[in-house]
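[1] Following is a predicted model, sequence given first.
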Amino acid sequence: MKGRVLIVGAGAAGLMAAVGAAEAGAEVLLLEKNEKPGKKIYITGKGRCNLTNDADDDTFFSSVISNPRFLYSAYHAFPNTAVKELLAENGCPVKTERGKRVFPVSDHASDVTKALVRAAEGDGVKIRLNTKVRGVLKEDGTAKGVLLADGGSIPADAVILATGGLSYPSTGSDGDGHRFAKELGHRIVSCIPSLVSFRTEETVFRESAGLTLKNVRLKIVKKGEKKALFKEEGELLFTHTGISGPLVLSASSLLGRRLEKKEVLEASVDLKPAVTAEELDARLVRLIAESPNKSLRTILGAMLPASLIVPFLSYCGQDPALPGNALKKESRQRIIAAFKELKMTVTSAGDFNEAVVTKGGVNVKEIDPGTMESRLIRGLFFAGELIDVDALTGGFNLQIAWSTGYLAGRSAASYVKEKYGI
Ligand SMILES: Cc1cc2nc3c(=O)[nH]c(=O)nc-3n(C[C@H](O)[C@H](O)[C@H](O)COP(=O)(O)OP(=O)(O)OC[C@H]3O[C@@H](n4cnc5c(N)ncnc54)[C@H](O)[C@@H]3O)c2cc1C
């Protein structure tokens with residue numbers, strides 16, 4: 001008798017848990033409700049899978065927004081270098097790009113999944129697809145297997161829950177694991193969408209949907225207050241419901257809990273952070289002097305992307321058809337002020353259908369960070385986004401899945417070995 005580790009969910013964390021447990025000598029059965037493993041991995045990094053980040057340890061931990069300290073042991077047990085090696089050994093060499101983001105050399109996310117399946121199956125892991133788990137079997141405070149949705153059950157000596165968060169439920173992560181953990185007595189920190197767009201009150205910029213602005217500065221304050229809660233330069237995208245892009249995704253990670261509490265936030269965008277208001281004004285005055293009879297719409301063509309001009313002028317309360325020489329000084333100042341502080345009221349964040357990750361999940365206080373084992377149920381382990389951990393973009397969320405998955409797998413294998421005195 002080897003001792004069976006049963007893993008629920010063949011996503012990033014579950015596949016890596018399978019590798020960790022099988023390497024350590026356990027018999028591993030991996031259950032997945034979808035028709036294929038790693039469905040979410042396929043869509044990561046726009047199909048290229050930004051699988052980790054070449055960051056140093058400090059950067060990794062400062063990029064984790066919820067509960068970075070909980071991840072110390074897991075990350076050290078299986079850091080970024082380990083996942084790169086494992087993938088390369090299994091036919092998926094990787095490369096590093098801008099921002100130290102790591103991708104497969106092939107640029108195909110599917111190669112990451114293939115390499116993980118190869119590694120797992122090579123170590124003897126059995127993967128059972130189209131198998132939906134309905135609950136965890138428990139006896140005397142110890143996990144004993146799982147109940148299946150079809151009414152059957154599978155006994156096991158240890159169970160790892162790696163069912164993911166709530167984002168992109170179409171990939172299979174729809175909160176089952178949270179329900180199982182709750183049934184077993186675990187507290188779930190409320191789940192909210194993170195790395196997600198912001199919805200704004202103003203409708204004027206809807207016309208600019210799809211437009212990306214590079215090198216702008218986004219500042220966010222609580223409505224009516226001055227203190228900046230977020231201030232960074234980068235890329236911003238206008239959408240049909242508000243704003244998105246890398247800057248907004250980061251802001252959502254840091255400020256999501258405020259929106260959950262129904263706080264209204266004010267976003268202000270500096271469209272030209274490298275130029276002072278005086279310099280901008282001088283430029284506008286010069287452009288008007290060069291073509292006094294041209295419309296504001298045409299004149300601003302030299303300063304703004306085409307699809308932003310009319311919404312921008314409407315925001316400033318100006319008629320786009322107004323000839324430049326008819327623009328009053330006070331209106332010109334309003335335009336310059338808008339260049340430096342384009343204000344929008346953020347009313348809420350986007351939903352789980354578009355969120356890259358889930359903030360919230362199984363409370364880390366009830367999980368041993370050195371093993372990923374439940375502090376409430378013996379033989380029950382957790383891995384991946386199901387836990388209340390989340391990070392910024394850049395490959396950090398998948399790294400969390402790899403690290404917690406591997407550690408949970410190793411620990412579950414040690415647990416069953418100890419049980420059988422092997
Ligand atoms: C569009 C998008 C792009 C992303 N891009 C990146 C990126 O480039 N880099 C990065 O680091 N992160 C990225 N992420 C985040 C990253 O994909 C996740 O954090 C990571 O996949 C979480 O892994 P997981 O194994 O915990 O969960 P998941 O990958 O969600 O896997 C959970 C698995 O459990 C299965 N399951 C659930 N319930 C049951 C059940 N009852 N029975 C059986 N099986 C079940 C599901 O079907 C699923 O296969 C992206 C996310 C999205 C949505």
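    All right, it came through fine.

[2] ranges for the strands of the stretch 201-350 of the chain?
    Ranges of strands in the stretch 201-350 of the chain, per DSSP state E, counting those that start in this stretch, are 212-222, 228-238, 242-244, 265-270, 342-349.

[3] The last one packs against which elements?
    On a contact count with 3 or more C-beta pairs under 8 Å, 6 or more residues apart in numbering; DSSP states H and E, strand 342-349 meets strand 188-194, strand 198-200, strand 242-244, helix 246-260, strand 265-270. Every residue, glycine included, has its C-beta placed from N, CA and C.

[4] JSON lines for the ones you listed, including distance to residue 98?
    Shown next, in JSON lines, are those (distance: least, C-beta to C-beta, whole Å):
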{"stretch": "strand 188-194", "distance to residue 98": "23"}
{"stretch": "strand 198-200", "distance to residue 98": "25"}
{"stretch": "strand 242-244", "distance to residue 98": "20"}
{"stretch": "helix 246-260", "distance to residue 98": "12"}
{"stretch": "strand 265-270", "distance to residue 98": "23"}
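
[5] got those as TSV, with mean neighbour count, distance to the ligand and mean pLDDT columns?
    Converted to TSV, the helices and strands packed on strand 342-349 look like this (neighbours: other C-beta atoms under 10 Å; distance: least, C-beta to the nearest ligand atom, whole Å; pLDDT from 0 to 100):
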stretch	mean neighbour count	distance to the ligand	mean pLDDT
strand 188-194	20	10	98
strand 198-200	23	17	97
strand 242-244	24	13	97
helix 246-260	21	11	97
strand 265-270	20	23	97
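
[6] What sits closest to residue 223 if chain neighbours are left out?
    Spatial nearest neighbour of residue 223, chain neighbours left out: residue 264 (4.2 Å); criterion: C-beta to C-beta, 6 or more residues apart in numbering.

[7] unless I'm mixing things up, the one you found is touching residue 345, no?
    Yes: Residue 264 lies in contact with residue 345 (C-beta atoms under 8 Å); the separation is 6.2 Å.

[8] Are there residues contacting both of these two? Which ones?
    Common contact partners of residue 264 and residue 345 (C-beta atoms under 8 Å, 6 or more residues apart in numbering): residue 223.

[9] Mind jotting down where the helices sit in the stretch 1-150 of the chain?
    Taking DSSP state H, counting those that start in this stretch as the test, the helices found in the stretch 1-150 of the chain are 12-23, 39-43, 57-63, 72-77, 80-89, 109-122.

[10] what sits against the residue of the stretch 301-422 of the chain found nearest the ligand?
    Proximity of the stretch 301-422 of the chain to the ligand (C-beta to the nearest ligand atom) peaks at residue 384, 2.3 Å away. Neighbour list for residue 384: 9, 11-14, 162-164, 400-401, 404-405 [criterion: C-beta under 8 Å, 6+ apart].

[11] list the contacts for the residue lying closest to it once chain neighbours are set aside?
    In space, and not counting its chain neighbours, residue 384 is closest to residue 13: 2.7 Å by C-beta to C-beta, 6+ apart. Neighbour list for residue 13: 162, 164, 383-386, 401-402, 404-405, 408 [criterion: C-beta under 8 Å, 6+ apart].

[12] Swap in 10 Å and give it another go.
    7, 160-164, 372, 382-387, 398, 400-406, 408-409 (C-beta atoms under 10 Å, 6 or more residues apart in numbering).

[13] Filter those down to the ones in helices?
    398, 400-406, 408-409 (DSSP state H).

[14] near the ligand, which residues of the chain?
    Contact residues (C-beta under 6 Å from any ligand atom) of the chain with the ligand: 8-14, 31-34, 39-40, 43-45, 49-50, 132-133, 162-164, 167-168, 171-173, 176, 356-357, 384-386, 395-398, 401.

[15] Which of those residues fall within strands?
    Secondary structure defined by DSSP state E assigns 8, 31, 133, 357 of those to strands.

[16] Turn the residues you listed into TSV, columns for neighbour count and pLDDT.
    As requested, those are exported to TSV (neighbours: other C-beta atoms under 10 Å; pLDDT from 0 to 100):
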residue	neighbour count	pLDDT
8	26	98
31	24	98
133	24	98
357	30	98
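
[17] Nearest to residue 297 among those residues?
    Nearest to residue 297 among these: residue 357, at 40.6 Å, using C-beta to C-beta.

[18] contacting residues around residue 282?
    Under the criterion of C-beta under 10 Å, 6+ apart, the contact list for residue 282 reads 275-276, 336.

[19] The residue of the stretch 101-250 of the chain found nearest the ligand - nearest residue in space that isn't next to it in sequence?
    With C-beta to the nearest ligand atom, the shortest gap between the stretch 101-250 of the chain and the ligand falls at residue 172, namely 2.0 Å. In space, and not counting its chain neighbours, residue 172 is closest to residue 34: 4.9 Å by C-beta to C-beta, 6+ apart.

[20] can I assume that neighbour is in contact with residue 128?
    No: in this structure residue 34 lies outside contact range of residue 128 using C-beta atoms under 10 Å: 11.3 Å.

[21] Assess the claim that residue 205 and residue 342 are in contact.
    Yes: applying C-beta under 10 Å, one finds residue 205 in contact with residue 342, separated by 8.5 Å.

[22] what touches both of the two?
    Residues touching both residue 205 and residue 342 by C-beta under 10 Å, 6+ apart: 269, 308, 311-312, 315.

[23] Which one of those residues is nearest to residue 120?
    residue 269 (45.9 Å).

[24] In JSON lines: the contacts of residue 282, plus neighbour count.
    Formatted as JSON lines, these follow (neighbours: other C-beta atoms under 10 Å):
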{"residue": "275", "neighbour count": "15"}
{"residue": "276", "neighbour count": "12"}
{"residue": "336", "neighbour count": "22"}
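
[25] So which of the residues you listed is the closest to residue 87?
    residue 275 (44.3 Å).

[26] Once you drop chain neighbours, what's closest to the closest one?
    Excluding the flanking residues, the one nearest residue 275 by C-beta to C-beta, 6+ apart is residue 283, at 7.9 Å.

[27] residues contacting that neighbour?
    Shown in contact with residue 283 (C-beta under 10 Å, 6+ apart): 272, 275, 302-303, 336, 339.

[28] care to break the chain down by domain?
    4-192+358-420, 197-350 (automatic domain parsing).

[29] Could you identify which of the ones you listed is most buried?
    The highest average neighbour count among these, using mean count of other C-beta atoms under 10 Å, belongs to domain 4-192+358-420 at a mean of 21.
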